[in-house]
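In: predicted model and sequence follow; I will ask about them next.
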Amino acid sequence: GSSYVDRTVWEAVNGTLQDLLNVFTAGEDAVSFASVDERDADAAKLATQVVNQILLRDNQGYNVLASALKECLVTRNSFVKRYWSEDEKAMTEKVEGVNPDELQAYIQGLEDAGVEKIEVVGTERDDGLIDADVSYVLKIKRVKVDYVPLEEVLVDQWATSIQTATYFAHRTRKTKQELLELGFPEDEINNVTEWNTTEEISQQQIVAWARTDWRNDWHQDIGTDSDDHAQQVWLYEQYVRTSDLNDDGIIRLYQVFDAGDRILEINEVDDIPFETFCPYPIPGTIFGESVYDITKDIQDLRTALI
């Protein structure tokens, strides 16, 4: 009847996690590229600067690494997604006490930088200077790196690596409004059925809630049934190797987006933009062993003895 549980797994996982994180975050650079000879020294230096800018400054590199590394130590594999992102951000800047020429030069500078939808609302002072609010839309283009929870990933069980997998998928819950914002055809989204997939949500929540067993107490029904644009559906971003979409018999890799019972988009792509972390790889499979696997029996034994 004792409630005592030995902490061997916790200590092994978190102790190993700190050692791994120190490799990437102890210094200024998470990674460093080494040149083969003097001819590519400049290229190696530039690659180091670019990759560290992307990982640690353009993205929350520490949090991505911490989440992915901890998950793989417990669950055998974790996944990270890399992709190109083009976002828009509304900005408003206040300028005070400038003359008309300075204001015009400022606006011209924004236009030269490719800024769009510039709006100026200003008032002229008695001394001829201008106070103004300048609003514009800033386009942010960059490489994004995201941690992907294990329960959102589906992979071919016979795969030996992500890049050679016959099938790989990333599934997420999206509202109709979010699908429209992603640029999918409105007519297809409006005809999507099966917005309520309770059984599939439940299966995914079993895995998600296993991380923190108190989440069931916090779960709330958000009541979106009456809001058409807030209803959710599974968006599948699938990567499939097949020759069925062409007549030459050559197997190609396709990216297929579908939601509910609708295929939203199909693209031919070069690779699957995911990477996996695995503490102890097993030859011949994408999956391996975790720290949990090799310490759980010790924890059970010590728990029973106490």
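Out: Arrived safely, thanks for sending.

In: tell me how many other residues surround the closest residue to residue 280 other than its chain neighbours.
Out: Distance criterion C-beta to C-beta, 6 or more residues apart in numbering; nearest residue to residue 280, sequence neighbours excluded, is residue 289 at 4.1 Å. Where you see a C-beta, it was placed from the backbone N, CA and C, and this is true even at glycine. By the criterion of other C-beta atoms under 10 Å, residue 289 has 13 neighbours.

In: dump the residue contacts of residue 289.
Out: Shown in contact with residue 289 (C-beta atoms under 8 Å, 6 or more residues apart in numbering): 76, 279, 280, 282.

In: of all those, which comes closest to residue 13?
Out: residue 279 (9.7 Å; C-beta to C-beta).

In: neighbours of the closest one, how many?
Out: Neighbours of residue 279 using other C-beta under 10 Å come to 21.

In: what's near enough to touch it?
Out: 16, 72, 73, 76, 288, 289, 290, 291.

In: likewise residue 280?
Out: 288, 289, 290, 293, 294.

In: ok, back up a step: of the contacts of residue 289, just say which sits nearest to residue 232.
Out: residue 76 (28.8 Å).

In: could you find the closest non-adjacent residue to the closest one?
Out: In space, residue 76 is closest to residue 290, 4.4 Å off (C-beta to C-beta, 6+ apart).

In: do residue 173 as well
Out: residue 232 is the one closest to residue 173 (C-beta to C-beta, 6+ apart), at 4.8 Å.

In: which residues does the one you found bridge with?
Out: residue 175 (DSSP bridges).

In: in contact with the residue nearest to residue 76, which residues?
Out: Contacts of residue 290 (C-beta under 8 Å, 6+ apart): 72, 73, 74, 75, 76, 279, 280.

In: residue boundaries of the helices in the protein?
Out: 8-25, 41-52, 61-75, 100-112, 176-181, 186-190, 198-211, 215-218, 291-305 (DSSP state H).

In: avg pLDDT for the last one?
Out: Put plainly, it is helix 291-305. Helix 291-305 carries an average pLDDT of 94.

In: alright, I will stop here.
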